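>>> give me coordinates for this.
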Amino acid sequence: MSHRRVAILISGSGSNMMALARSMRDDHPARPCLVLSNRPEAGGLARAQAMGIPTAVVDHRPFGSDRAGFETALRAALDDARADLIALAGFMRVLTAGFVNAYAGRILNIHPSLLPKYRGLDTHARAIAAGDTEAGCTVHEVTPELDDGPILGQARVPILPGDTPATLAARVLPIEHRLYPLVLRRVVEGERGLIVLP
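Numbers count the residues shown, from 1 in each chain. Take a look at the predicted model:
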């Protein structure tokens with residue numbers, strides 16, 4: 001059986017990357033082919049190496065405002081790894097339409113809100129400030145509009161009295177680690193219908 005090849009893009013500790021990589025074993029139809037970071041100091045790189053996954057760094061800083069140059073280097077690394085699918089897992093760079101369209105239908109992202117609410121940053125603080133009673137996470141297909149592609153999976157948690165952005169984030173993270181591997185497997189198997197975790 002030939003496995004689909006998944007590249008995972010990170011900027012930080014890589015906790016979602018670890019959840020994805022651990023899920024791609026045994027009878028799973030995909031395998032991680034690369035963990036790529038835009039930050040050489042990202043803690044997830046060492047964690048990926050410890051799991052035997054190839055790693056690469058394309059530091060965005062030397063490119064300055066040359067986003068096209070940065071994305072050309074990203075694409076070269078992804079193409080070298082022969083990636084079939086790209087999973088953004090805490091990758092903190094906004095990708096241009098040119099990049100996204102080159103991999104149309106093949107980029108997934110996890111976002112820490114119940115999209116379409118709270119696109120962008122500071123999602124937990126915004127949910128608390130709005131008086132919402134629940135928060136959660138969303139896995140979606142990436143399109144050129146920020147946090148706007150077709151929603152493939154969602155999971156919810158309650159917002160409790162006294163929650164801070166940190167306590168809420170800590171409650172959401174474990175469900176991210178459940179939802180993202182589930183959606184990835186479904187996508188690899190050709191299933192793109194919405195799944196909602198209770």
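
>>> what is the helix or strand where residue 73 lies packed up against?
Using DSSP states H and E, residue 73 sits in helix 67-80. Under the contact criterion of 3 or more C-beta pairs under 8 Å, 6 or more residues apart in numbering; DSSP states H and E, helix 67-80 touches strand 30-37, helix 97-102. (Each C-beta comes from the backbone N, C-alpha and C, glycine too.)

>>> change it to 10 Å
The helices and strands touching helix 67-80, judged by 3 or more C-beta pairs under 10 Å, 6 or more residues apart in numbering; DSSP states H and E, are strand 4-10, strand 30-37, strand 55-57, helix 97-102.

>>> what sits up against the shortest one?
Surrounding strand 55-57, the residues in contact under the criterion C-beta atoms under 10 Å, 6 or more residues apart in numbering are 7-10, 34-42, 44-49, 73-74, 76-78, 80-81.

>>> one more pass at 8 Å, please.
Counting contacts by C-beta atoms under 8 Å, 6 or more residues apart in numbering, the residues outside strand 55-57 that touch it are 34-40, 42, 45, 48-49, 77, 81.

>>> longest helix of the chain?
Selection of the longest helix in the chain by residue count, based on DSSP state H, yields helix 165-188.

>>> next, give phi and psi for residue 136.
Dihedral angles phi and psi of residue 136 (degrees, to the nearest 10) take the values phi 160, psi -150.

>>> pull the CA atoms of the longest helix of the chain into CSV?
Coordinates of the C-alpha atoms in helix 165-188 are reproduced here as CSV (Å, rounded to 0.1, in the frame of the first residue of the first chain):
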residue,chain,number,x,y,z
PRO,A,165,-7.7,33.0,27.8
ALA,A,166,-5.1,30.6,29.2
THR,A,167,-7.5,28.3,31.0
LEU,A,168,-9.8,28.2,28.0
ALA,A,169,-6.8,27.5,25.7
ALA,A,170,-5.8,24.6,28.0
ARG,A,171,-9.3,23.1,27.7
VAL,A,172,-9.4,23.5,23.9
LEU,A,173,-6.0,22.0,23.2
PRO,A,174,-6.8,18.4,24.1
ILE,A,175,-9.8,18.4,21.7
GLU,A,176,-7.6,19.9,19.0
HIS,A,177,-5.4,16.8,19.4
ARG,A,178,-8.5,14.6,19.0
LEU,A,179,-10.2,16.4,16.1
TYR,A,180,-7.3,17.1,13.8
PRO,A,181,-6.1,13.5,13.4
LEU,A,182,-9.7,12.4,12.8
VAL,A,183,-10.3,14.9,10.1
LEU,A,184,-6.9,14.3,8.4
ARG,A,185,-7.6,10.6,8.2
ARG,A,186,-11.0,11.3,6.7
VAL,A,187,-9.6,13.6,4.1
VAL,A,188,-6.9,11.1,3.1
